[in-house]
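Enquirer: Make a model of this:
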Amino acid sequence: MKKVFDGTNFVSEIVLVDNAKFINCRFEDCTLNYSGGPWSIERCAFSGDTTFALQGQAYQAMLFLKYFDMIKPGKFADPSQVVPKRVN
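Expert: Predicted structure coming up:
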């Protein structure tokens with residue numbers, strides 16, 4: 001993992017999950033952006049309107065699973081509407 005966040009509060013941010021480890025963090029009204037790299041989330045809390053955006057290989061894997069009805073639409077943001085800013 002490149003970056004470790006321990007006890008960090010994220011509020012109304014776009015958080016890049018790839019290559020990061022989050023321990024005891026809080027995400028409120030955030031978008032968690034994931035592209036397919038390694039990640040770790042331990043003992044974190046999520047509140048408000050926190051959503052997930054998949055891009056790249058992660059997005060392609062989601063489309064594959066969705067095609068075979070292995071997942072249903074949920075709290076995923078449209079990746080074309082998310083402009084990530086690096087917070088890690």
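Enquirer: Work out for me the element the residue positioned nearest the centre of the chain sits within.
Expert: The residue lying closest to the centre of the chain (C-alpha atoms, centre = their mean) is residue 32, at 2.6 Å. Residue 32 belongs to strand 31-34 when assigned by DSSP states H and E.
Enquirer: contacts for the following helix or strand past that strand?
Expert: The helix or strand immediately downstream of strand 31-34 is strand 39-42, counting by DSSP H and E. By C-beta atoms under 8 Å, 6 or more residues apart in numbering, the surrounding residues in contact with strand 39-42 are 1, 17-25. C-betas here are computed from N, CA, C, even on glycine.
Enquirer: Try it again at 6 Å.
Expert: 17, 21-23 (C-beta atoms under 6 Å, 6 or more residues apart in numbering).
Enquirer: ok so, going back, roughly how far apart are the residue nearest to the centre of the chain and residue 68?
Expert: 24 Å (C-beta to C-beta, to the nearest Å).
Enquirer: Give the residue spans of this protein that score low on pLDDT.
Expert: 1, 72-88 (pLDDT under 70).
Enquirer: For the residue in it sticking out farthest from the centre, list the residues it contacts.
Expert: Residue farthest from the centre of the chain, counting by C-alpha atoms, centre = their mean, is residue 68 at 22.7 Å. Applying C-beta under 6 Å, 6+ apart to residue 68 gives no contacts.
Enquirer: ranges for the helices of the protein?
Expert: Taking DSSP state H, the helices of the chain run over residues 56-67.
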